[in-house]
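Undergrad: Return atomic coordinates for the entry below.
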Amino acid sequence: HELNHTDQIGWNRDPFNVRPSSGIDRSGADSSFKYFNLPDEIESMVIGMYERTKAENIELDELFDKYLVPFVLNGNLSKREYDKVFDTWLRHALENYPDAKLNTSDPRVKKIVNSI
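TA: The predicted structure follows:
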């Protein structure tokens, strides 16, 4: 995750990576939901978790759940916000990492996969 941020700025910038959010955008992302939907965070969260799934041999949607569900349980994300972040991250993964390991028997995953 953090290594991807270094590829979003400066001399090391990968031209295909999203540019970092401005300070104004980041200060406006005063909730978990807004933060998780910043373009540079979407990119970095998903690539970090994608790499982790390969190392741990688990499904990407499972890792999304492991990361996001505690935010729902502690009240920092509503169920609707969780669903939106999950959908956004999964769509980003499908577009950029088509080899990602997914649980396609999960109805949420199946619905998103079939919609693309």
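Undergrad: What are the boundaries of the helices in this structure?
TA: Ranges of helices within the chain are 2-6, 23-28, 32-36, 39-56, 60-73, 79-96, 107-115, based on DSSP state H.
Undergrad: what does the fifth one contact?
TA: Same thing as helix 60-73. Outside helix 60-73, the residues within contact range by CB atoms under 8 Å, 6 or more residues apart in numbering are 32, 36, 45, 49-50, 52-53, 56, 77-79, 82, 85-86, 89-90, 93, 97, 100-103, 106, 108-109. Glycine gets a C-beta too; all of them are placed from N, C-alpha and C.
Undergrad: Next: the third one.
TA: Helix 32-36 is contacted from outside by 28-29, 41-42, 45, 68, 71, 76-78, 81, 84-85, 88-89, using CB under 8 Å, 6+ apart.
Undergrad: what's the closest of these to Ser115?
TA: Thr88 (12.9 Å; CB to CB).
Undergrad: Run a quick neighbour tally on the closest one.
TA: 17 (other CB atoms under 10 Å).
Undergrad: can you start the count at 810 instead of 1 from here on
TA: In the new count, where the first residue is 810, that last one comes out as Thr897.
Undergrad: Now render the helices of the chain as CSV, adding mean pLDDT.
TA: Below are these laid out as CSV (pLDDT from 0 to 100):
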stretch, mean pLDDT
helix 811-815, 55
helix 832-837, 60
helix 841-845, 88
helix 848-865, 91
helix 869-882, 96
helix 888-905, 95
helix 916-924, 92
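Undergrad: I'd like to check what contacts stretch 855-864. Which residues are they?
TA: With CB under 8 Å, 6+ apart as the test, stretch 855-864 has contacts from 810-811, 813, 868-869, 872-873, 876, 898, 901-902, 905-906, 909-910.
Undergrad: Most neighbours of all the residues you listed, which one?
TA: Counting neighbours by other CB under 10 Å, Trp898 comes out on top of the contacts of stretch 855-864 with 26 neighbours.
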